[in-house]
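Engineer: Build the 3D model from these lines:
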Amino acid sequence: MQDNPCLNDKLQRHRDFWARRPTDRPLIGICRPLGKTAPGFELLGDRPLAPEDVNESLYQAYRHCYTVCTPCADRPGDLFYTTIPHCGVPWYEVLMGCAIHFSDGTLMAWAEHLADKPEQLRQRWRLPLTTDDPWLDRLRFALRRKQEDFPGVPVPTVLGRGVLDLLLAAMPNEEVLAGLMTEPERYLDILTELTDMIILAIAEQLKVLQPFHGGYANRRGLWAPGTACWSQEDGTSLIGPRLYRDLILPHDRRIWASVEYAMFHTHSVGLPVMIDSLLDTPQLACIECTVDAGGPTLDELLPLWRRVLEGGKSLLVCLEEATPEVERVIAELPAVGLAVSVSTDNPQEYDHLMA
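Structural biologist: Numbering: from 1, shown residues only. Sure thing, here's the model as predicted:
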């Protein structure tokens with residue numbers, strides 16, 4: 001391979017990000033805001049998705065459909081343009097056994113509840129997951145097609161819902177939240193089996209994905225010099241810090257420990273709930289925080305982000321638009337271990353941020 005000084009410098013900046021080595025500035029990347037709609041897949045009608053439906057036609061329908069916060073192809077900044085095997089499918093929900101339906105004009109299909117009670121759930125789901133599972137085979141198909149169509153572009157593992165998010169997809173939210181608070185013992189085996197499924201799904205994806213310069217990128221465009229995964233627990237804001245620490249965190253730790261560079265997605269409304277637990281977790285390398293409209297203010301978030309960096313974790317801050325807030329984040333937070341991603345389709349804003 002011919003030496004590429006610009007690429008080598010970019011890769012080194014990412015190595016420094018993960019290793020938290022001294023740097024002259026944070027990583028800065030640009031994401032192009034995307035529309036809220038997608039083609040849907042009308043050919044299915046009202047029937048649930050079947051494994052044989054994940055074929056070339058479905059792949060082509062979603063070939064150029066990317067979820068938000070994917071770095072721009074032409075001007076990604078310090079981040080890497082990545083392309084995920086979307087196909088409109090919530091992969092972990094379908095691996096668990098949820099029936100999947102497409103809605104016209106939506107970005108992703110929706111999953112039906114599997115059960116009303118945890119005892120019913122274990123009777124109806126498809127776990128334990130095995131390597132010859134037909135849905136897992138279709139996920140491999142989507143990964144391979146992406147790599148064939150986008151040579152030289154890193155393909156990340158798919159969106160990694162956590163055990164709590166999967167529970168909330170499989171059962172009515174009220175049942176899950178009340179049950180976890182009053183009878184958590186009914187959910188212990190369920191959470192363990194969901195964790196086993198996630199770890200196996202990550203491992204099988206990494207067997208298919210070709211390393212990019214010896215490492216892997218995630219959906220936000222961060223490259224790591226080893227195996228990597230993205231995970232999240234968006235439902236954590238509903239259960240509070242104690243329940244997350246005692247019941248969900250042990251399973252997240254197992255997931256993070258299954259790779260060399262684990263990144264955990266949070267929202268600004270949920271980070272305050274989890275921050276103490278996350279900082280006390282050596283298996284987690286990086287915390288990503290997406291700033292929510294109507295959530296905590298920047299004045300409230302900056303001290304939390306500073307705690308993340310000073311607590312030994314790398315941090316990716318994702319802002320939805322180029323505003324003066326971006327400059328405050330860059331100016332007021334330490335550069336070591338920091339990355340900032342901004343959604344903008346204005347070339348002048350891009351040039352200003354990268355100057």
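Engineer: mind checking pLDDT for A38?
Structural biologist: pLDDT for A38: 56.
Engineer: ok, and what's touching stretch 206-221?
Structural biologist: Contacts with stretch 206-221, where a contact means CB atoms under 8 Å, 6 or more residues apart in numbering, come from 7, 11, 29, 31, 67, 69-71, 76, 79-82, 84, 140, 143-144, 147, 154-157, 159, 223-230, 259, 261, 263, 288, 316, 318, 341. No exception for glycine: its C-beta is placed from N, CA and C like everyone else's.
Engineer: Filter those down to just the buried residues.
Structural biologist: 11, 29, 31, 69-71, 76, 79-82, 84, 140, 143, 147, 154-157, 159, 223-225, 227-230, 259, 261, 263, 288, 316, 318, 341 (16 or more other CB atoms under 10 Å).
Engineer: buried ones in stretch 191-200?
Structural biologist: Applying 16+ other CB under 10 Å to stretch 191-200 flags L191, E193, L194, T195, M197, I198, I199, L200 as buried.
Engineer: I should have written stretch 260-275 there, sorry.
Structural biologist: Quick answer for stretch 260-275 (16+ other CB under 10 Å): 260-268, 270-275.
Engineer: re earlier: restricted to strands, list the buried ones among the contacts of stretch 206-221.
Structural biologist: 29, 31, 223-224, 228-230, 261, 263, 288, 316, 318, 341 (DSSP state E).
Engineer: Closest to M354 out of those residues?
Structural biologist: G29 (9.3 Å; CB to CB).
Engineer: can you give me the strands for the stretch 151-300 of the chain?
Structural biologist: Ranges of strands within the stretch 151-300 of the chain are 216-217, 223-224, 228-232, 261-267, 286-290, based on DSSP state E, counting those that start in this stretch.
Engineer: if we can go back for a sec, need the max-distance pair from the buried residues of stretch 260-275.
Structural biologist: It's E260 and P272 that sit farthest apart of the buried residues of stretch 260-275, by CB to CB, at 28.1 Å.
Engineer: ranges for the helices of the stretch 1-150 of the chain?
Structural biologist: 5-19, 56-61, 91-96, 118-124, 134-149 (DSSP state H, counting those that start in this stretch).
Engineer: Compile these into a markdown table and extend it with columns for mean pLDDT and distance to W305.
Structural biologist: Listed next are those as a markdown table, based on pLDDT from 0 to 100; distance: least, CB to CB, whole Å:
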| stretch | mean pLDDT | distance to W305 |
| --- | --- | --- |
| helix 5-19 | 94 | 15 |
| helix 56-61 | 86 | 38 |
| helix 91-96 | 95 | 28 |
| helix 118-124 | 93 | 36 |
| helix 134-149 | 95 | 32 |
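Engineer: wait, which of those is closest to L49?
Structural biologist: Comparing those by CB to CB, helix 91-96 comes nearest, at 7.1 Å.
Engineer: Return the list of helices and strands in contact with the closest one.
Structural biologist: Applying 3 or more CB pairs under 8 Å, 6 or more residues apart in numbering; DSSP states H and E, one finds that helix 91-96 makes contact with helix 134-149, helix 163-170, helix 188-208.
Engineer: Mind checking the pLDDT average for the longest one?
Structural biologist: Averaged across helix 188-208, the pLDDT comes to 97.
Engineer: hmm, back to that, the helices and strands packed on helix 91-96: which one's closest to L238?
Structural biologist: helix 163-170 (8.1 Å).
Engineer: Tell me which other helices or strands that closest one touches.
Structural biologist: Using 3+ CB pairs under 8 Å, 6+ apart, helix 163-170 sits against helix 91-96, helix 173-182, helix 188-208.
Engineer: Determine which stretch of those helices is the most buried.
Structural biologist: helix 91-96 (a mean of 24; mean count of other CB atoms under 10 Å).
Engineer: Can you tell me what sits against stretch 191-201?
Structural biologist: 91-92, 95-96, 122, 127-129, 131, 136, 139, 160-163, 166-167, 231, 247-248, 251, 254-255, 258.
Engineer: Please indicate which of these are buried?
Structural biologist: Of the contacts of stretch 191-201, these count as buried by 16+ other CB under 10 Å: 91-92, 95-96, 127, 129, 136, 139, 160-163, 166-167, 231, 247-248, 251, 254-255, 258.
Engineer: which stretches of this structure have low pLDDT?
Structural biologist: 1-3, 5, 33-45, 65-69, 103-108, 321-322 (pLDDT under 70).
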